[in-house]
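K.L.:
With the input below, show me the fold.
(2 chains)
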Amino acid sequence: MATLEELQKRIQRLEDIKQIEKLQRIYGYYHDYEEWEKVVDLYSDNAESVEECDYGVYKGKEGVRRYYIDLLKGGKDAKPRVGYMSIGMQIQGVVTVDPDGRNAKGRWYGFFVEARPILNLHDGELRQLWAHGIYENEYVKEDGKWKIKKLHFFLNFRTPYEDGWLKTPVVGHNGPDMNVPPDAPPTNFHPFPSGVHFPPHFKHPITGK
Amino acid sequence: MNLEKLEKQVTLLEDIQEIENLQKLYGYYFDYSMFPEVMGLFSENTDSVEVTGHGVFRGKEGARRMYEAMLATKRSGWIFFEIMQSQGVVDIATDGKTATGCWYTPSFECRPFGGAQRQTWQFGIYDNEYIKENGKWYFKKLRWSLIFWTSFESGFLKVPRLTDDLAFPNADASPTAYHPYPSRYHVPFPFKHPVADA
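P.N.:
Numbering: from 1, shown residues only, chains lettered A, B, ... in the order given. Next up, the predicted model:
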């Protein structure tokens, strides 16, 4: 029979998984409502980086702030654009907590229904879009709370509703922004039909490979 | 509360967590056509696998034949699957050795057929069985029933099913649950009503 200590460890791992799942889903809800300050606050002060699609790598908590506030929001006083929508469902999360219980990784699918401009992030007429991609994220537990340490979103496609991912796999991606430049160029921008795989962090549960 | 009872409760939650992971890993591996990884998730005592109209394949050997045709056969053209494993309901049997799972799968796909590249929507439902062997959960039975498979351009009302989703020639038996929209066929849920069923 298990000891109380063993059981406490096993329960702790389950709680950690649930808290991280919740963190990622809350990230999604804030993202959808353009609550960028709240998104930034989900990151650790020791955040490593955020990288999405072809926007490049933004490093450290300061980079995280520049990415969400300066780039995505369009500046700290920018008002949300009427008609803009980007709902990104956080699906199929697989969370792996390190044995030390302080670090974790997660893989998710992101499935987006959007109305946004494609000229750049903020200008041009609104288009209705479907988008899909994969997250491979890292989390860290600090002072008893799980936070995002590193977020990387690999885009599979972002396509106009009228065309579909076969006809037009990608719109609205023109490389890193010149006014809010990233700290490093994109590391993995290979949408459909590249065939490039975004490697999963997890090990096969049976073979361990 | 005694420790024995507490351990049972913890084990139940762990089992649900491991099975949810198993099903989601299956999804990620399948989408990347990772044939050996998919096969590794099936028990040596696999009962059967059945996917859409391809027919029933019995035993682990049967599962291998089906997945080989689906995942390990080199196909030309742009292949793309994003089959999202969603809304899982997992029930562990009282003995803790077997379990059932019900899942939805909305999906985006591309594949060549009918002489052309096609972009398609596909939607279906799993009713699966899992088995715990040597402390690890495996698939024992997998069945995925098609609800619709339509081109991106047409939609599921106009074209619920693109072509005959052909039975594989080496299947052990004909499909048991191939009744896509608008048949009104309902896959029997593996779970019990949480309130009405004692």
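K.L.:
Which neighbouring elements make contact with the helix or strand hosting residue A:114?
P.N.:
Assessed by DSSP states H and E, residue A:114 sits inside strand A:103-117. If you count contacts as 3 or more CB pairs under 8 Å, 6 or more residues apart in numbering or on different chains; DSSP states H and E, strand A:103-117 packs onto helix A:4-32, strand A:85-97, strand A:126-142, strand A:145-160. Any C-beta I mention is one placed from the backbone N, CA and C, and that applies to glycine too.
K.L.:
how does it look with 7 Å?
P.N.:
Helices and strands touching strand A:103-117, by 3 or more CB pairs under 7 Å, 6 or more residues apart in numbering or on different chains; DSSP states H and E, are helix A:4-32, strand A:85-97, strand A:126-142.
K.L.:
Quick check: buried residues in the last one?
P.N.:
Read that as strand A:126-142. Using 16 or more other CB atoms under 10 Å in any protein chain shown as the test for burial, strand A:126-142 gives A:127, A:129-141.
K.L.:
Report the buried residues of the strand ranked longest in chain B.
P.N.:
Under DSSP state E, the strand in chain B containing the largest number of residues is strand B:116-133. Using 16+ other CB under 10 Å as the test for burial, strand B:116-133 gives B:117-132.
K.L.:
That strand vs chain A: in contact?
P.N.:
Yes - judged by CB under 7 Å from any CB of the partner chain, strand B:116-133 and chain A are in contact via B:117, B:119.
K.L.:
got the CA positions of the helix or strand just after that strand in PDB?
P.N.:
Following strand B:116-133 in sequence order, the next helix or strand is strand B:136-151 (DSSP H and E). The C-alpha trace of strand B:136-151 is given here as PDB (Å, rounded to 0.1, in the frame of the first residue of the first chain):
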ATOM      1  CA  LYS B 136       0.200   1.000 -18.500                       C
ATOM      2  CA  TRP B 137      -2.900   1.900 -20.500                       C
ATOM      3  CA  TYR B 138      -3.300   0.700 -24.100                       C
ATOM      4  CA  PHE B 139      -6.000   0.700 -26.800                       C
ATOM      5  CA  LYS B 140      -8.000  -2.500 -26.700                       C
ATOM      6  CA  LYS B 141     -10.600  -1.500 -29.200                       C
ATOM      7  CA  LEU B 142     -10.900   1.600 -31.400                       C
ATOM      8  CA  ARG B 143     -13.900   2.500 -33.400                       C
ATOM      9  CA  TRP B 144     -14.300   5.800 -35.200                       C
ATOM     10  CA  SER B 145     -17.600   6.500 -36.900                       C
ATOM     11  CA  LEU B 146     -17.800   9.000 -39.600                       C
ATOM     12  CA  ILE B 147     -20.500  11.800 -39.300                       C
ATOM     13  CA  PHE B 148     -19.500  13.700 -42.300                       C
ATOM     14  CA  TRP B 149     -16.700  14.100 -44.800                       C
ATOM     15  CA  THR B 150     -17.200  17.000 -47.100                       C
ATOM     16  CA  SER B 151     -15.200  19.200 -49.400                       C
END
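K.L.:
helices or strands next to strand B:136-151 in the packing?
P.N.:
The contact analysis (3+ CB pairs under 7 Å, 6+ apart) places strand B:136-151 against helix B:3-31, strand B:48-51, strand B:116-133.
K.L.:
The longest one to strand A:145-160, inter-axis angle?
P.N.:
Same thing as helix B:3-31. Relative orientation of helix B:3-31 and strand A:145-160, computed by axes from the mean of the first three to the mean of the last three CA atoms, to 10 degrees: 30 degrees.
K.L.:
For helix B:3-31, what is the distance to the chain centroid?
P.N.:
Relative to its chain's centre, helix B:3-31 lies at 17 Å (CA atoms, centre = their mean, to the nearest Å).
K.L.:
in it, what counts as buried?
P.N.:
Within helix B:3-31, the residues scored as buried using 16+ other CB under 10 Å are B:6-7, B:10, B:13-31.
K.L.:
among those, which are within reach of chain A?
P.N.:
With CB under 7 Å from any CB as the criterion, the buried residues of helix B:3-31 include B:6, B:7, B:10, B:13, B:14, B:17, B:21, B:22, B:24, B:25, B:27, B:28 near chain A.
K.L.:
just for chain B, where's the confidence low?
P.N.:
Chain B contains residues with pLDDT under 70 at B:164-165, B:198.
K.L.:
that older thread, can I get the helices and strands packed on strand A:103-117 in TSV including distance to chain B?
P.N.:
Below are the helices and strands packed on strand A:103-117 laid out as TSV (distance: least, CB to the nearest CB, whole Å):
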stretch	distance to chain B
helix A:4-32	5
strand A:85-97	5
strand A:126-142	5
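K.L.:
can you list these in JSON lines and add distance to residue B:85 and mean pLDDT?
P.N.:
Below are the helices and strands packed on strand A:103-117 laid out as JSON lines (distance: least, CB to CB, whole Å; pLDDT from 0 to 100):
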{"stretch": "helix A:4-32", "distance to residue B:85": "14", "mean pLDDT": "97"}
{"stretch": "strand A:85-97", "distance to residue B:85": "5", "mean pLDDT": "98"}
{"stretch": "strand A:126-142", "distance to residue B:85": "13", "mean pLDDT": "98"}
